[in-house]
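S.K.: Any chance you can model this:
(2 chains)
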Amino acid sequence: MSNTLLDVRAVSKNYGSFALRDVSFSIPKGYIMGLIGPNGAGKTTLIHLILNLLRRDSGEILVFGMDNIADDSAIKQQVGVVFDSVPYVEDWKVKDVGKAMSLFYDGWNQSRFLELAEKFRLDMGKKVKELSRGMQTKLMLACALAHEAKLLILDEPTSGMDPVARDELMDMLRQYIADGEKSVLFSTHITSDLERAADFITYIRNGQLFFTGPTDEFLDEWRLLKGGRNDLTNELREKIVGLREHHAGFDGLVKAKDFPVPPDGCVLDQASIEDIMLYTAKEAMPS
Amino acid sequence: MTGAVKMFRLDLLSMQVYFKSYLVFFLYPLLFAWWEPVGMAVMAGMMLAMLGGSIFSVQEKNKLERLYGMLSISDSSLVAGRYLFLLANCLAIQLVILPLHFAVSRLIGKTPSGSELLFAMGLSYFLFWLQCSYQIPLFIKFGYTKMRIWATAPFIVIALSSVLFTYTLGDALKARGPYLEKAIYYMYINPLQPMLTLIALGTLLGAVSYLISIGAYRSTKRR
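M.R.: This is a model prediction of the structure:
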């Protein structure tokens, strides 16, 4: 098996009103990739395409070097999935979820599941619908980890979770990839989660790939430019992405290579993932 | 086949929490038993088929397509498992209906013949698959909520046509009385033949429906 666990090549899917176009990215072993983009950008569609819940119109998706449609069953033996809400029967008890999952995974480890349930303080006798949002995510995670998945795919797992639970999840993910053999694809629009955990970023905007690569490279590419009203020249205007003018002045995103030093009267700040997403999304919106 | 058995077990697990309410529905056919024990078998077959759709209701309510999508199971095994679950339901109701049929017949002062029991069994099986073969591909393709009204169509058609048949062709039937009597007598002296014919027809319907359902399931992924 190559060093790449997930390889998405020029994947397209057209719904008519929305289209995902020529999206390509790959995740090497031992890393976490954050899949970001505003709501409706196509993150969930992409995850559904990877999981073969939807059929792509064109392109190729290789998981562990195998085609995700032709080798669907073999691939899923080694993939763990965490959705934004539980995909189980809500009246099942936690132990029933374990029972159901154990039917399908050759590598299911019941004692590992029990161990994780204990670690996550999951009551085996409690119904799924009685668990809090954070506990439901932990249940999905316990299932994903109990069958020794090599690739974890998480679709907005932190939405609705409090900061403490989100922090715990991030720690778990870092532990998960620590042996260098496993990877994580983490879709979220809460980008602060990714600041400390994601090694790579794939940013999708309006169904198209905006960026894919190392998180550091993504952050280094952009700067946040701030200045007073009189500092905003026409030349600057052309170079600013997502320009925002207000009573005190302006701010916007600029390419770091275009501004090795800040223009007169302006300040250049490090942009966060959220800044980059916000300003570039604003730029893409019809005025 | 292993995948289908796994899916069958998952369906059982999905429905186990609704088992009590499921049992209540089984009581409906009993009402018909006082009218006519064969009617009970007929109703049981149809009711159970209607009830078989409830697995799709549970699936839709809990958005289980995502669960199926993350599991290591092929499309054909997934659909086969669902049909296996329905078949198991059908066989289970036969086990319940046969002794009930016998008991109810005795209670209303009749002695059910073996041929009557066999015919009831075959008819129940056939009607079960008649209903299922129509509704399952619809549920798979369009979902339970959208299709639940349409799924009752065969039930309504059979009920209406039997009434219309009696009214419009009643006299013609009387005229053909001797032929009908002969046919019924033939069934009584050859109980296995009509039963096996009905079972074969029911199984054929189920098999065709299964193939259509696989196509329907795959087409949902292309949406």
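
S.K.: near chain B, which residues of chain A show up?
M.R.: With C-beta under 8 Å from any C-beta of the partner chain as the criterion, chain A meets chain B at residues A:48, A:51-55, A:72-74, A:76-77, A:79, A:81, A:83, A:85, A:87-92, A:96, A:99-100, A:103-106. No exception for glycine: its C-beta is placed from N, CA and C like everyone else's.

S.K.: Which of those fall in strands?
M.R.: Using DSSP state E, A:79, A:81 are the members of the residues of chain A next to chain B that sit in strands.

S.K.: Show me how to select, in ChimeraX, the buried members of the residues of chain A next to chain B.
M.R.: Applying 16 or more other C-beta atoms under 10 Å in any protein chain shown to those, the buried members can be selected in ChimeraX as follows:
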select /A:48,51,52,53,54,72,73,76,77,79,81,83,85,87,88,89,90,91,92,96,99,100,103,104,105
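
S.K.: Show the pLDDT at the most far-flung residue of chain A relative to its centre.
M.R.: The outermost residue of chain A relative to its centre, with distances by C-alpha atoms, centre = their mean, is residue A:230 at 39.5 Å. Note on residue A:230: pLDDT of 85.

S.K.: Name the nearest residue to it, sequence neighbours excluded.
M.R.: residue A:265 (7.4 Å; C-beta to C-beta, 6 or more residues apart in numbering or on different chains).

S.K.: mind listing what that neighbour touches?
M.R.: Applying C-beta atoms under 8 Å, 6 or more residues apart in numbering or on different chains, one finds that residue A:265 lies in contact with A:227, A:228, A:230, A:231.

S.K.: burial count for the last one?
M.R.: Around residue A:231 sit 17 other residues, with neighbours defined as other C-beta atoms under 10 Å in any protein chain shown.

S.K.: That one contacts residue A:252, correct?
M.R.: No. Using C-beta atoms under 8 Å, residue A:231 is not in contact with residue A:252; the gap is 11.8 Å.

S.K.: tell me the two of the contacts of residue A:265 that are most distant?
M.R.: A:227 and A:230 (8.4 Å; C-beta to C-beta).

S.K.: how much space between residue B:164 and residue A:155?
M.R.: 53 Å (C-beta to C-beta, to the nearest Å).

S.K.: which one of those two has more residues nearby?
M.R.: Neighbours per residue (other C-beta under 10 Å) separate residue B:164 from residue A:155, with residue A:155 holding more: 22 against 10.

S.K.: Does the more buried one touch residue A:84 like I think?
M.R.: Yes. At 5.6 Å, residue A:155 counts as touching residue A:84 under the criterion of C-beta under 8 Å.

S.K.: any idea how far residue A:199 is from the residue positioned nearest the centre of chain B?
M.R.: In chain B, the residue lying closest to the centroid (C-alpha atoms, centre = their mean) is residue B:128, at 1.7 Å. Using C-beta to C-beta, we find residue B:128 at a distance of 55 Å from residue A:199.

S.K.: what's the pLDDT at residue B:159?
M.R.: Model confidence at residue B:159 (pLDDT) stands at 72.

S.K.: can you check the one 3 residues further on too?
M.R.: If you check residue B:162, the pLDDT there is 69.

S.K.: Am I right that residue A:12 is in a helix?
M.R.: No. Going by DSSP: H, G, I helix; E, B strand; the rest coil, the assignment for residue A:12 is strand, not a helix.

S.K.: Show me the beta-bridge partners of it.
M.R.: Residues in a beta bridge with residue A:12, per DSSP bridges, are residue A:58.

S.K.: What number of residues are in the vicinity of it?
M.R.: Under the neighbour criterion other C-beta under 10 Å, residue A:12 is assigned a count of 15.

S.K.: I figured it hits residue A:59, correct?
M.R.: Yes. Counting by C-beta under 8 Å, residue A:12 touches residue A:59, with 5.7 Å between them.

S.K.: any common contacting residues for the two?
M.R.: A:22, A:23.

S.K.: Kindly indicate whether residue 181 is helix, strand or coil.
M.R.: You didn't pick a chain, so chain A it is. coil.

S.K.: looking at chain B here, not the other one
M.R.: Per three-state DSSP, residue B:181 ends up helix.

S.K.: Give me the neighbour count for it.
M.R.: 10.

S.K.: For it, give me the pLDDT.
M.R.: At residue B:181, pLDDT is 70.

S.K.: Get me the contact residues on chain B for chain A.
M.R.: Neighbours of chain A within chain B, by C-beta under 8 Å from any C-beta: B:3, B:6, B:9-10, B:13-14, B:17-18, B:58, B:61-67, B:69-74, B:221-223.

S.K.: Give the PyMOL command for selecting the buried subset of those residues.
M.R.: To isolate the buried ones among the residues of chain B next to chain A in PyMOL, judged by 16+ other C-beta under 10 Å, type:
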select buried, chain B and resi 3+6+9+10+13+14+17+58+62+64+65+66+67+69+70+71+72+73+221
